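**Q** Below: sequence and its predicted model.
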Amino acid sequence: MATGRTHRPANRSRGIPEATVARLPLYLRALTALSERSVPTVSSEELATAAGVNSAKLRKDFSYLGSYGTRGVGYDVEYLVYQISRELGLTQDWPVVIVGIGNLGAALANYGGFASRGFRVASLIDADPEMAGKVVAGIEVQHSDGLEQVIEDNDVSIGVIATPAASAQPVCDRLVAAGITSILNFAPTVLSVPDGVDVRKVDLSIELQILAFHEQRKAGELSDEDAEELPQGAGEVTASPVAPPAASVTKRGSGSGKSPAGASGGTSGRNGEPGSDGDVPAVMPA
Ligand SMILES: NC(=O)c1ccc[n+]([C@@H]2O[C@H](COP(=O)([O-])OP(=O)(O)OC[C@H]3O[C@@H](n4cnc5c(N)ncnc54)[C@H](O)[C@@H]3O)[C@@H](O)[C@H]2O)c1
């Protein structure tokens, strides 16, 4: 078993609030776009709009980084990209293993956006013997029998689970036993992990359900407007019993022993924008 891994994010010891950490990737994405256009400086208002975050919150977030900008000039784009990347631990290489190389796992392996952000897909694992030896995204798929060895050999720090739900917990247990302390779970199941292991869950169907809720509400508002034009008593709209799904940001629970991950955060904003809290879309309680 691999022990004593040293891949720990630098921000843990600096007291940056988890909500701020969750917004840093949003700022980074907006800043990277500015950097690619060779924009040298940006005001807090412009950057806040680009990141979908309230500008007072942005200034507060950046104060945790010790970055206050220059009055009348704004923030230096390149320096902020560096600062946020360093804070998120993106200035170092993070080898990732993807377990379950079906439709989703193969798509993730082929996604170029990981490598460009410092997440190198080091290994692909699948339980299907017919998958072993196949090349996906230029990497040879290895059989899950060798999972622990692969993790040790590649000094893997993050495990991505893209197996069917029923396999996710056993896979998670093996990843944790092999020394992995960060897991990104795509399987539609809640994982139990020991203290010290961070799990984030991505579920696009949850996001669609949130959009469906908003669609339904918009339709309800339209019906209300229509109803106002109708004769009294006609076209009454019944209140929907559906409650909005909440919690799009994961924070691991802190109970003792094995415990499912807890939740913090709120709903995503409308129009695909993060809410005013800058929550990260498509991520939910693990
Ligand atoms: N989070 C999302 O938004 C989202 C979107 C699509 C799919 N999913 C989920 O992702 C998972 C994969 O979906 P898919 O369409 O790629 O399925 P798939 O059937 O195409 O692929 C699953 C792969 O996992 C492998 N596998 C099964 N058990 C395993 C184990 N114990 N160890 C290693 N590999 C194992 C299978 O051999 C297969 O290759 C499912 O749980 C699905 O519900 C999530």
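**A** The structure has been received and is ready for your questions.

**Q** Could you give the bridge partners of residue 70?
**A** Beta bridges link residue 70 to residue 74 when assigned by DSSP bridges.

**Q** so where's the longest strand in the chain?
**A** strand 119-126 (DSSP state E).

**Q** anything in it near the ligand?
**A** Yes. Against the ligand, strand 119-126 shows contacts by CB under 6 Å from any ligand atom at 125-126. The C-beta positions use only the backbone N, C-alpha and C, and glycine is treated the same way.

**Q** mind listing what that strand pairs with, with the direction of each?
**A** Sheet pairing of strand 119-126 (DSSP bridges) gives strand 94-99 (parallel), strand 139-143 (parallel).

**Q** how far off strand 94-99 does the helix or strand following the shortest one point, in degrees?
**A** Under the assignment DSSP states H and E, the closest C-terminal helix or strand after strand 139-143 is helix 147-154. With axes from the mean of the first three to the mean of the last three CA atoms, to 10 degrees defining the directions, helix 147-154 sits at 160 degrees from strand 94-99.

**Q** Pull out the buried residues from helix 147-154.
**A** Residues of helix 147-154 classed as buried: 147-148, 150-151 (neighbour count, 16 or more other CB atoms under 10 Å).

**Q** of those, closest to residue 118?
**A** Of all these, residue 118 sits closest to residue 151, with 18.5 Å by CB to CB.

**Q** Verify the contact between that closest one and residue 97 for me.
**A** Yes. Contact criterion CB atoms under 8 Å: residue 151 and residue 97 qualify, at 6.2 Å.

**Q** Mind listing the shared neighbours of the two?
**A** 123, 159, 175, 180 (CB atoms under 8 Å, 6 or more residues apart in numbering).

**Q** Now stretch 110-128: buried residues?
**A** Neighbour-count burial for stretch 110-128, counted by 16+ other CB under 10 Å, picks out 114, 117, 119, 121-127.

**Q** Tell me how far residue 22 lies from the ligand.
**A** 18 Å (CB to the nearest ligand atom, to the nearest Å).

**Q** Need the three-state assignment for that residue.
**A** Residue 22 carries the three-state label helix when classified by DSSP: H, G, I helix; E, B strand; the rest coil.

**Q** Nearest residue to the residue in the chain that the ligand sits nearest to in space, please, no chain neighbours.
**A** Per CB to the nearest ligand atom, residue 102 is where the chain lies closest to the ligand, at 1.7 Å. Nearest residue to residue 102, sequence neighbours excluded (CB to CB, 6 or more residues apart in numbering): residue 162, at 6.8 Å.

**Q** same check, this time on residue 188
**A** Spatial nearest neighbour of residue 188, excluding adjacent residues (CB to CB, 6+ apart): residue 165 at 5.2 Å.

**Q** which regions of this protein sit below the pLDDT cut-off?
**A** Low-confidence segments of the chain (pLDDT under 70): 1-14, 224-286.

**Q** at 80 what do you get?
**A** For the chain, the stretches with pLDDT under 80 are 1-14, 67-69, 116-117, 221-286.

**Q** and it, which residues reach the ligand?
**A** Residues of the chain lying close to the ligand by CB under 6 Å from any ligand atom are 99-105, 125-128, 131, 144, 162-165, 167, 171, 186-188, 202-204.

**Q** which among the residues you listed end up buried?
**A** 99-101, 104-105, 125-127, 131, 144, 162-163, 167, 171, 186-187, 202-203.
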